[in-house]
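*Asks:* Below are the sequence and a predicted model; questions follow.
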Amino acid sequence: MFNKDRIMECVFCSKTTLTAETFYEDENFAAICNIRPVVKGHCLIIPKRHVESMLELNEKERKNFVSFSNKAVFIALKYADTADFDLLLQRGENAGQSVKHLHFHILPRKRNDNLAVNKKEFFQSFAEKENKVKTLTQSEMAVVVRELSSIAENHKIQIDEL
Ligand SMILES: [Zn+2]
């Protein structure tokens, strides 16, 4: 379904956002740095096409999703220097979805990172941190994106196999 007005106002469909925040991409997906990182390496996986839910992904996107996620997670974990992470999808307002363009949060996790482990407390601490954490400036974003991109380049052979 193509809705021009909806796409025009979508932050993840904005060329400016994508240019400034993407650190890894393929034909269908982009891995972008979250503008308000709740933890170090907090990134998002988004389809390049504007869809609201996983149900709208086409066959090719569905097939490529797991492999792309593995690659994006690999880069985020190297950057954050940990092996643990949450991969979070919030679908619908009641589940906490704010931007109506399908996106998965990658949250690299560490002991004592101030995000809870227990599910109930996790969502509470996640929401609190999202509201409190400061928005990256353009130059701060550029630094993070550069570091993530260079990890992607330096581990290209490994990442291609994921
Ligand atoms: Zn969009």
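*Replies:* Nice, thanks for sending it over. Numbering: from 1, shown residues only.

*Asks:* Kindly spell out which helices and strands sit in contact with the longest helix that the chain contains.
*Replies:* The longest helix of the chain (DSSP state H) is helix 59-80. If contacts are counted by 3 or more Cβ pairs under 8 Å, 6 or more residues apart in numbering; DSSP states H and E, helix 59-80 sits against strand 22-25, strand 29-33, strand 43-47, strand 84-89, strand 104-109, helix 138-154, helix 156-160. All C-beta spots, glycine's among them, are computed from the backbone N, C-alpha and C.

*Asks:* ok, now how distant is the nearest residue to Asn34 once chain neighbours are set aside from Phe126?
*Replies:* Closest residue to Asn34 apart from its sequence neighbours, by Cβ to Cβ, 6 or more residues apart in numbering: His42 at 4.5 Å. Relative to Phe126, His42 is positioned 10 Å away (Cβ to Cβ, to the nearest Å).

*Asks:* returning to what we had before: who's in contact with the longest helix of the chain?
*Replies:* 23-24, 26-29, 31, 39-43, 45, 47, 49, 54, 57, 83, 85, 87, 104, 106, 108, 110, 147-148, 151-152, 155, 158-159, 162 (Cβ atoms under 8 Å, 6 or more residues apart in numbering).

*Asks:* and it, which residues are buried?
*Replies:* Neighbour-count burial for helix 59-80, counted by 16 or more other Cβ atoms under 10 Å, picks out 61, 64-65, 68-69, 71-80.

*Asks:* Of these, just say which sits nearest to Asn118.
*Replies:* Of all the buried residues of helix 59-80, Ala80 has the smallest distance to Asn118: 21.1 Å, by Cβ to Cβ.

*Asks:* and that closest one, what pLDDT?
*Replies:* Per-residue confidence at Ala80 stands at 98 (pLDDT).

*Asks:* Thr82: neighbouring residues, count only.
*Replies:* For Thr82, the count of nearby residues is 17 (other Cβ atoms under 10 Å).

*Asks:* related to what we said a few turns ago, what would the helices and strands packed on helix 59-80 look like in CSV with mean neighbour count, distance to the ion and mean pLDDT?
*Replies:* What follows is these, written out as CSV (neighbours: other Cβ atoms under 10 Å; distance: least, Cβ to the ion, whole Å; pLDDT from 0 to 100):
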stretch, mean neighbour count, distance to the ion, mean pLDDT
strand 22-25, 20, 14, 97
strand 29-33, 24, 11, 97
strand 43-47, 24, 8, 97
strand 84-89, 15, 16, 97
strand 104-109, 21, 14, 98
helix 138-154, 15, 19, 97
helix 156-160, 11, 25, 95
